[in-house]
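Trainee: Mind folding the following:
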Amino acid sequence: MQSASDVPALDTPAIDRQTAREQQLFLLRYLHHGVLLTCFIMAVVVILLWNEVDHVRLMAWYGLVVAVSLFRLTLLRRRAALAAADGPDEVVQLGLHTGAFASALVCSVAVFLAGQSAQPADMMIVIVLLGGMAAGALGTLGAVIQVYNLYLFALLTPPIAWLLMNGEEGKSTLALTALVFLGAMLVTGRGYGTRLEQSYRLGFRNLALNEHLALASAEAVDNSRKLELEVEQRRKAESEIKSVAVRLQQANKHLHAEVLRRQKNEKAVRLQAEQTRRSEMRLRAVIENSFDGIVTVGGDARILSANPAAQRLLGGSEKLLLGRDLAVFLPGLELGSENSAPHGLWVTSGAEGRIPVSFAAAPLSMSGEQGYVCVLRDETESEKARQALLSAKDAAESANRAKSDFLSSMSHELRTPLHAILGFAQLLEADPENPLPEAHAASTKEINKAGWHLLNLINDVLDLAQIEAGKMEIRREPVLFSDLVADAITLVAPLAAEHQVTLKDESQASEQKVCADPMRLKQVMINLLSNAIKYNRPGGWVEIKAPDCTREICRLTVSDTGVGLTPEQQEAIFDRFIRVADNRHQIEGTGVGLAITRKLVHGMGGEIGVRSRVGVGSSFWIDLPAVKSESPADKVAASS
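Mentor: I've put the predicted structure just below:
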């Protein structure tokens, strides 16, 4: 514990300033209470003397009381500035003295006014009221004893002097009583002010001591923390030393392992270098023995190296070729572009003349400089084979045209006697005068059926031959699809009835036209409908959907509930002589119908395709150019 001598000396002038400031603040804090009380008491005096004293004089006096009170209240505006200061305010101090003196002096005039009253009791009441004001002022003005003493003297001294000079016995007694009261209040105010000032001083002294103790405590805590920090730092230093020792041991182990690893890597590098050398030797051997010429050139196309095959092609040794421009041997060569033309370049060689070569080049970076590696292949034999292939192709095309011409002529030759056979068979069946026996009639029917089948086959072959020979004429014009479908359904209706298949036509509600050849489009629809009926199941259906059109294309769709097609079958369905149904041996046909259909659709500027699922059915679709529909206004204009 610190002794009294250990306590540092306090700043007594600072405490005096703070005490004086606090006394002024105390007065200002309760000043308005005293002012209001003064105005109230003086109002009581006015009421008391209203009937005894001239009203004008009385109100003038009370107005002076109010004016002095307002002056005292103006001091409150400096209270905020005083609270922020560290000492008393001289303006406030002067205002407090002046206000107290003026207020007390004005209030003491009440005794002179009461002296004009005819009622002796009025004087006694006024003296008592002034004494009450003096006693009440102790609670506020007593904080600054000088202000209180000035107020007390100004308030009571004039009335006492006036009473003593009056000479009346009763007033002299009253003056002596007031004088005794004045002395008592002076003593009381002195003691009250002294105790209040000591209280302030003691409070500020304790506050200063507390601040000092707080600083000392903070310094002690800071020293303790510094000591703890130093101890902790020493512990950390010891721990770091131990950690460094451990790390050194680990580093030693790692260093030993790194030495072993580097020794192993050196062995691996030596082995890799040996493998690289062998690989380079193999690559060199491959390049040297390659049948293709391999040339490296710089960015300016000058030769840097050439393998033996390139030397043979270019007609010189590597020593003679180095530094020469490759474009001299390959006219038209442009490095940096797509240089891969299998038959587009020729090597100009003095010994062999012009040799056809295929050429390819790829960028190659050599020692930071841009270059190219070029591969040349002698295409002499390939050129001969290509020429032979072109000759064979021309011969095959000529043979194909001859075949088509032969089929076309043979189809015409076959149809002439076939028409005669069918005509005689129909005459034998339709002769009412000489009907055939039942056995002969059945044979005639088979002859007629087989003849018509053969005629259909001949027509298909003839159409296919004409299409392949480019002799079939296809004209394009607007065709109303619904009318064409109705005609096609009429032709295939007997076949559908025979196979117990229902035909559904949704196209009749549409007035859409397509650009096509009417006869060939009907042939296409009959072929699709016939296939959908023949490869259907009993009780199934075939549906012709309404055209689905965009601005330029109309899609026509024929759907069925037949056996369906596998993805492999869908890819081959439009090839010639392909029949993919499981029961193809029981269904008439040659397998060229869909091939003809596709060629006809292509000839009309359209496309054909199929969507199918095995066991569910198929949908064949045709895309043809759409014909723009006429608006009602156009129709009216056309009719007029």
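Trainee: Would you confirm that residue 357 contacts residue 347?
Mentor: Yes: the pair residue 357 and residue 347 qualifies as a contact (CB atoms under 8 Å) at a distance of 5.2 Å. In this view, the C-beta of every residue, glycine as well, is placed from N, C-alpha and C.
Trainee: Between those two, which contacts overlap?
Mentor: 313, 330, 376 (CB atoms under 8 Å, 6 or more residues apart in numbering).
Trainee: just to revisit the earlier point, of residue 357 and residue 347, who's got more company?
Mentor: The neighbour count for residue 357 versus residue 347, taken as other CB atoms under 10 Å, is higher for residue 357 (25 against 22).
Trainee: a helix runs through the more buried one, doesn't it?
Mentor: No: read with DSSP: H, G, I helix; E, B strand; the rest coil, residue 357 is strand and lies in no helix.
Trainee: Checking residue 58 next. Helix, strand or coil?
Mentor: helix.
Trainee: Point me to the helix or strand that includes residue 514.
Mentor: When secondary structure is defined by DSSP states H and E, residue 514 falls within strand 513-516.
Trainee: Give me the contacts around that strand.
Mentor: Outside of strand 513-516, the residues that reach it under the criterion CB under 8 Å, 6+ apart are 476-481, 521, 547, 554, 556, 604-606, 624-627, 629.
Trainee: Tell me the helix or strand right after it.
Mentor: Read in the C-terminal direction, the helix or strand following strand 513-516 is helix 518-534, with elements assigned using DSSP H and E.
Trainee: residues of that following helix that come out buried?
Mentor: Applying a neighbour-count criterion of 16 or more other CB atoms under 10 Å, one finds 518, 520-534 buried in helix 518-534.
Trainee: Give me the distance between that helix and the centre of its chain.
Mentor: Going by CA atoms, centre = their mean, to the nearest Å, the spacing between the C-alpha centre of helix 518-534 and its chain's C-alpha centre is 55 Å.
Trainee: Only alpha carbons, please: show it as PDB.
Mentor: As requested, the backbone C-alpha atoms of helix 518-534 are provided in PDB (Å, rounded to 0.1, in the frame of the first residue of the first chain):
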ATOM      1  CA  PRO A 518     -49.100 -34.400-111.700                       C
ATOM      2  CA  MET A 519     -48.600 -37.700-113.400                       C
ATOM      3  CA  ARG A 520     -45.300 -38.500-111.600                       C
ATOM      4  CA  LEU A 521     -46.600 -37.400-108.200                       C
ATOM      5  CA  LYS A 522     -49.600 -39.600-108.700                       C
ATOM      6  CA  GLN A 523     -47.200 -42.500-109.600                       C
ATOM      7  CA  VAL A 524     -45.300 -41.700-106.400                       C
ATOM      8  CA  MET A 525     -48.400 -41.700-104.200                       C
ATOM      9  CA  ILE A 526     -49.800 -44.900-105.800                       C
ATOM     10  CA  ASN A 527     -46.400 -46.600-105.100                       C
ATOM     11  CA  LEU A 528     -46.300 -45.500-101.500                       C
ATOM     12  CA  LEU A 529     -50.000 -46.500-100.900                       C
ATOM     13  CA  SER A 530     -49.500 -49.900-102.600                       C
ATOM     14  CA  ASN A 531     -46.500 -50.600-100.400                       C
ATOM     15  CA  ALA A 532     -48.300 -49.500 -97.300                       C
ATOM     16  CA  ILE A 533     -51.200 -51.800 -98.100                       C
ATOM     17  CA  LYS A 534     -49.200 -54.900 -99.200                       C
END
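Trainee: Name every sheet partner of the helix or strand just after it and say whether each one runs parallel or antiparallel.
Mentor: For helix 518-534, the following helix or strand on the C-terminal side (DSSP H and E) is strand 541-544. Under the criterion DSSP bridges, strand 541-544 sits next to strand 502-505 (parallel), strand 553-560 (antiparallel) in its sheet.
Trainee: got the CA positions of strand 541-544 in CSV?
Mentor: Once non-C-alpha atoms are left out, strand 541-544 reads as follows in CSV (Å, rounded to 0.1, in the frame of the first residue of the first chain):
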residue,chain,number,x,y,z
TRP,A,541,-54.9,-48.8,-91.7
VAL,A,542,-53.1,-46.5,-94.0
GLU,A,543,-53.4,-42.7,-93.4
ILE,A,544,-52.7,-39.8,-95.8
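Trainee: hang on, isn't residue 135 packed against residue 185?
Mentor: Yes: using CB under 8 Å as the test, residue 135 is close enough to residue 185 to be in contact (6.7 Å).
Trainee: Who has more neighbours out of these two?
Mentor: Ranked by neighbour count (other CB under 10 Å), residue 135 and residue 185 place residue 185 first, with 22 against 15.
Trainee: How far does the helix or strand harbouring that one sit from its chain's centre?
Mentor: Here residue 185, judged by DSSP H and E, is contained in helix 169-289. Its chain's average C-alpha position is 44 Å from that of helix 169-289, according to CA atoms, centre = their mean.
Trainee: average model confidence for that helix?
Mentor: Confidence over helix 169-289 (mean pLDDT, whole number) is 81.
Trainee: Which of the three states applies to residue 500?
Mentor: Secondary structure, three-state DSSP: residue 500 is coil.
Trainee: can you pull out the strands in this protein?
Mentor: 293-298, 303-306, 345-349, 353-366, 369-378, 477-480, 502-505, 513-516, 541-544, 548-549, 553-560, 607-613, 617-627 (DSSP state E).
Trainee: Of all these, which one is nearest residue 277?
Mentor: Counting by CB to CB, residue 277 lies closest to strand 303-306 out of the strands of the chain; the figure is 18.8 Å.
Trainee: which residue packs closest to the residue nearest the centre of the chain, ignoring adjacent ones?
Mentor: To find the centre residue of the chain, average its C-alpha atoms and take the closest one (CA atoms, centre = their mean): that gives residue 550, at 36.3 Å. Among residues not flanking residue 550 along the chain, residue 626 sits closest, at 7.2 Å (CB to CB, 6 or more residues apart in numbering).
Trainee: and what of residue 607?
Mentor: Computed as CB to CB, 6+ apart, the closest residue to residue 607 that is not its neighbour in sequence is residue 623, at 4.5 Å.
Trainee: Next: residue 114.
Mentor: Beyond its immediate neighbours in the sequence, the residue positioned closest to residue 114 (CB to CB, 6+ apart) is residue 126, lying 4.1 Å away.
Trainee: again, but for residue 317
Mentor: Nearest-residue entry for residue 317: residue 311, 5.8 Å, with adjacent residues in sequence omitted and distances by CB to CB, 6+ apart.
Trainee: right, and the one you found touches residue 319 too?
Mentor: No: at 9.5 Å, residue 311 and residue 319 do not qualify as touching, with contact defined as CB under 8 Å.
Trainee: between the two, who's got more neighbours?
Mentor: More neighbours sit around residue 311 than around the other of residue 311 and residue 319, counting by other CB under 10 Å; the figures are 17 against 9.
Trainee: now the more buried one: how far from residue 330?
Mentor: Using CB to CB, to the nearest Å, one gets 15 Å for the distance from residue 311 to residue 330.
Trainee: quick one: low-confidence ranges for the stretch 251-400 of the chain?
Mentor: Low-confidence regions of the stretch 251-400 of the chain, defined by pLDDT under 70, span residues 336-346, 348-353, 400.
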